[in-house]
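# 3D model of this:
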Amino acid sequence: SYLFIPAKYKDVYLVSILNDMSGKSIIVFASTCTTTLRLALLTRNLGFTTVPLHGQMSQTKRLGALNKFKGKARSILIATDVASRGLDIPHVDIVINYDIPAHSKDYIHRVGRTARAGRSGKSITFVTQYDIELYQRIEFLIGKQLPQYATQEDEVMLLLERVNEADRQARIQIKEIEDERKDHRKKRNKGEKRNDDSEEPRAPNKKRKHESHDSENGFGVKKHLKKKKKTK
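Numbering: from 1, shown residues only. Down below sits the predicted model:
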């Protein structure tokens, strides 16, 4: 299925879908390493159990991330196409194309991660105002029109403020990671070893002790929606 949305609201729709699909095994595909890391941090800040898989990670780190996903220590894998190729990624319940693939054949490879061996699964492709031509190429390749994914826009938009704050925190965390890398390069000749969290982003310490509860409830997103409805 596809979801036609303004580009500026992709994050909030992603969080809404992840919350609705709580407990499912999900792969989210993004086009760049930076977006992959940002989405991993953003969703972790909201209590989801997420692990990134991108090209700036070593092969050892990639396999470690994949093992956490396969072992169900992490329920959401956010990956680039390049990083996911050649790895034994198991059956997943849902594939989300956060960024529509530039090459139509990559769409086939992505959605092929779900519904393997006759098992049920679904895929959702985000289509923005900038993606119309790419989306039309995909429909031409597969020879059919995709159904539209149904959402309740008013409920999704209730999450906007919280998602924007999580994104702001994620960008700060990325800056800290970049600063740590620069510091590591300066200390490398001294034989000092850095504590690299860039491949396995963590939520702030004050939230981490609640992670197991928050991951089940999408950081209280459903509870937040109910409160909003009662106040109307």
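
# so what's the closest residue to I96 other than its chain neighbours bridging to?
Distances taken as Cβ to Cβ, 6 or more residues apart in numbering put V28 closest to I96, at 4.6 Å, once the chain neighbours are dropped. Where C-beta positions appear, they are placed from N, C-alpha and C, glycine not excepted. As for beta bridges, V28 partners with I78, I96 under DSSP bridges.

# For V28, give me its contacts.
Listed by Cβ atoms under 8 Å, 6 or more residues apart in numbering, the contact set of V28 reads 14, 39, 76-79, 96, 98.

# switch to 10 Å and redo it
By Cβ atoms under 10 Å, 6 or more residues apart in numbering, V28 lies in contact with 14, 17-18, 35-36, 39-40, 43, 50, 52, 76-79, 94-99, 124, 126.

# Q148 and T125: what is the separation?
Look at Q148 and T125: by Cβ to Cβ, to the nearest Å, they are 11 Å apart.

# Give me the more crowded residue out of those two.
Shown here are Q148 and T125; by other Cβ atoms under 10 Å, T125 has more neighbours (25 against 11).

# confidence score at L225?
Per-residue confidence at L225 stands at 47 (pLDDT).

# Could you identify the longest strand within this protein?
strand 122-127 (DSSP state E).

# how near is the residue nearest to I96 to Q59?
Separation of V28 from Q59 (Cβ to Cβ): 21 Å.

# before we move on, what about V92?
Going from V92 to Q59 by Cβ to Cβ gives 21 Å.

# These two: which has the busier surroundings?
V92 (23 against 10).

# measure that one to E155 for me?
As defined by Cβ to Cβ, V92 lies at a distance of 25 Å from E155.

# re earlier: quick one: common contacting residues for Q148 and T125?
Common contact partners of Q148 and T125 (Cβ under 10 Å, 6+ apart): 1-4.

# which of those count as buried?
Neighbour counting by 16 or more other Cβ atoms under 10 Å classes 2-3 among the shared contacts of Q148 and T125 as buried.

# Of the shared contacts of Q148 and T125, just say which sits nearest to G23.
S1 (19.7 Å; Cβ to Cβ).

# And the helices in this structure?
10-20, 33-45, 59-70, 81-84, 104-111, 132-142, 153-157, 160-187, 205-208, 211-217, 221-231 (DSSP state H).

# Deepest in the core, which of these is it.
Counting by mean count of other Cβ atoms under 10 Å, helix 33-45 has the highest mean neighbour count of the helices of the chain, with a mean of 24.

# Tell me which other helices or strands it touches.
Under the contact definition 3 or more Cβ pairs under 10 Å, 6 or more residues apart in numbering; DSSP states H and E, helix 33-45 sits against helix 10-20, strand 26-29, strand 50-53, strand 76-79, helix 81-84, helix 160-187, helix 205-208, helix 211-217.

# got a list of what the nearest residue to V163 once chain neighbours are set aside touches?
Take V163 and drop its neighbours on the chain: the residue closest to it by Cβ to Cβ, 6+ apart is V12, 4.6 Å away. By Cβ under 10 Å, 6+ apart, the contact set of V12 is 5, 156-164, 166-167.

# now do 8 Å
For V12, the contact set (Cβ under 8 Å, 6+ apart) comprises 156-157, 159-160, 163-164.

# Please report how far H103 lies from V82.
Distance of H103 to V82, computed by Cβ to Cβ: 12 Å.

# tell me, what's touching the two both at once?
Residues touching both H103 and V82 by Cβ under 8 Å, 6+ apart: none at all.
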